[in-house]
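# Make a model of this:
(one chain, ligands or ions: 1)
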Amino acid sequence: MSAQTLETTAQAMVADGKGILAIDESSPTIKKRFDSIETECTEESRRAYRELLITCSGLEKFISGMILFDETIRQSTSDGVPFPEFMRKKGIMPGIKVDKGAKDLAAHPGEKVTEGLDGLRDRLAEYRDLGARFAKWRAVITIGDGIPSDGCIDANAHALARYAALCQEAGLVPIVEPEVLMDGDHSIERCFEATEATLRALFAALYQQRVLLEGTILKASMVLSGKSAPNRAGVEAVAERTIACLKRSVPAALPGVVFLSGGQTPQEATAHLNAMNAMAGYLPWKLSFSYSRALQEPALNTWAGNTANGKAAQDALHHRAQLNSAASLGKYSDAMEKEAA
Ligand code: 13P
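So this is what the prediction gives:
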């Protein structure tokens, strides 16, 4: 696979006004989401819900790619069109979550390391055949008493870099996602420090493993106060600290940074992204979105497991995608929240 193909794909993932829709919830996570709307979680209910998201009309104006789960990339629309084929025809690139989840890191109480490298080369080749153009691997960094440790940061950076190199060998653009969790009562400055250390270690590891940065996308967490912190930092501070942190640690060769929402409300996630793009002067990379919860929440609640609500749910998804597209260009405003989809 040529470097040129990887670069072209990576640039298309962060094309102007576009971001990524993450619908790659693992089986336990999607069950949690379905529990919240009192809907039974079966292979068919998951397929029906994902079909609703994938077939939402006009989404391709705002969404460049969708991240799928292993089960979903093998499923089809009710008319029998495989999801990846449906997406490709619509101009949306299929992506695939390939990590096997964050597990306890030995000798590091309270910290996790993401597993999934064993057999990854073969799995990537299969996903490529199924139509995937990019992949995702999520690492989890926790802020707490005396953590994150260097051991945890380095173990996760190493795994992300090994994964990224294998993706590029298979012709897939790697999304590298080191999520610094917002759980806790820490200050925004502690989040800044943990995020900077995490990103510096990640890019050192990517360099060591010979990963082509021009064909890589970073999925980052924003620099935020802990969820239960007193006096949480406001929108402007979050935007300013996040950009400052990225400038210190993310090489200019990278085409784009897409944010996860991480438990922010849909409105917060959109407002933060917009503030960054509105305040920043020249930046070497695009700043866009790769939200799961912040894009899906209104659609999930509207659907509530009822087929009759499908169109209204799609309208809700379309509206959030449109707002985040505007935010990726710094053109979102509060007033747009009230406009109909
Ligand atoms: P959230 O936007 O819900 O944090 O999910 C991000 C993610 O990593 C899913 O791919």
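# Distance-wise, check residue 186 relative to the ligand.
To the ligand, residue 186 is 18 Å away according to CB to the nearest ligand atom, to the nearest Å. Where you see a C-beta, it was placed from the backbone N, CA and C, and this is true even at glycine.
# Name the nearest residue to residue 293, ignoring sequence neighbours.
Leaving aside its sequence neighbours, residue 293 sits nearest to residue 261 (CB to CB, 6 or more residues apart in numbering; 5.2 Å).
# tell me the contacts of that neighbour?
Going by CB atoms under 8 Å, 6 or more residues apart in numbering, residue 261 touches 269, 289, 291, 292, 293, 294, 295.
# List buried members of those residues by neighbour count.
Buried subset of the contacts of residue 261 (neighbour count, 16 or more other CB atoms under 10 Å): 269, 289, 291, 292, 293, 294, 295.
# so the first one makes contact with residue 294?
Yes. Under the criterion of CB atoms under 8 Å, residue 269 makes contact with residue 294 at 3.7 Å.
# what touches both of these two?
With CB under 8 Å, 6+ apart as the test, residue 269 and residue 294 both reach 261, 324.
# Closest one of the contacts of residue 261 to residue 239?
residue 269 (12.0 Å; CB to CB).
# List the buried residues of the host helix or strand of that closest one.
Using DSSP states H and E, the element containing residue 269 is helix 266-279. Neighbour counts using 16+ other CB under 10 Å place 266, 268, 269, 270, 271, 272, 273, 274, 275, 276, 277 of helix 266-279 among the buried residues.
# same question, stretch 14-22
14, 17, 18, 19, 20, 21, 22.
# Output the set of residues of the stretch 51-200 of the chain in proximity to the ligand.
Contacts of the stretch 51-200 of the chain with the ligand, taken as CB under 6 Å from any ligand atom, map to 67, 136, 138, 177.
# Pick out whichever of those residues sits closest to residue 4.
Out of these, the member with the shortest distance to residue 4 (by CB to CB) is residue 136, at 22.1 Å.
# excluding its backbone neighbours, what's nearest the closest one?
residue 175 (4.3 Å).
# how near is that neighbour to residue 53?
18 Å (CB to CB, to the nearest Å).
# do the same with residue 328
Going from residue 328 to residue 53 by CB to CB gives 19 Å.
# same question, residue 283
30 Å.
# out of the two, which sits in the more crowded spot?
residue 53 (22 against 15; other CB atoms under 10 Å).
# Return the residues in contact with that one.
Taking CB under 8 Å, 6+ apart, one finds 21, 23, 66, 296, 299, 314, 317 in contact with residue 53.
# which SS class is it?
helix (DSSP: H, G, I helix; E, B strand; the rest coil).
# Tell me where the stretch 101-250 of the chain has helices.
Assigned by DSSP state H, counting those that start in this stretch, the helices in the stretch 101-250 of the chain fall at 120-129, 150-169, 188-208, 235-249.
# Is it possible to get JSON lines of these that adds distance to residue 228, mean pLDDT and mean neighbour count?
Formatted as JSON lines, the helices of the stretch 101-250 of the chain follow (distance: least, CB to CB, whole Å; pLDDT from 0 to 100; neighbours: other CB atoms under 10 Å):
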{"stretch": "helix 120-129", "distance to residue 228": "36", "mean pLDDT": "98", "mean neighbour count": "16"}
{"stretch": "helix 150-169", "distance to residue 228": "22", "mean pLDDT": "99", "mean neighbour count": "21"}
{"stretch": "helix 188-208", "distance to residue 228": "13", "mean pLDDT": "98", "mean neighbour count": "20"}
{"stretch": "helix 235-249", "distance to residue 228": "16", "mean pLDDT": "98", "mean neighbour count": "18"}
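# Now distance to residue 49 too, for those, in CSV please.
Below are the helices of the stretch 101-250 of the chain laid out as CSV (distance: least, CB to CB, whole Å):
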stretch, distance to residue 49
helix 120-129, 21
helix 150-169, 27
helix 188-208, 32
helix 235-249, 31
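# Could you say which helix or strand holds residue 318?
Judged by DSSP H and E, residue 318 forms part of helix 310-328.
# if you look at that helix, does any of it touch the ligand?
No. Helix 310-328 does not reach the ligand (CB under 6 Å from any ligand atom); its nearest approach is 10.9 Å.
# That helix - contacts with which helices or strands?
Packing partners of helix 310-328 (3 or more CB pairs under 8 Å, 6 or more residues apart in numbering; DSSP states H and E): strand 19-22, helix 43-54, helix 266-279, strand 286-291, helix 293-303.
# Which of the residues in the second one are classified as buried?
For helix 43-54, a neighbour-count test (16+ other CB under 10 Å) marks 46, 47, 48, 49, 50, 51, 52, 53, 54 as buried.
# and it, how far from the chain's centre?
For helix 43-54, the separation from the chain centroid amounts to 19 Å (computed by CA atoms, centre = their mean, to the nearest Å).
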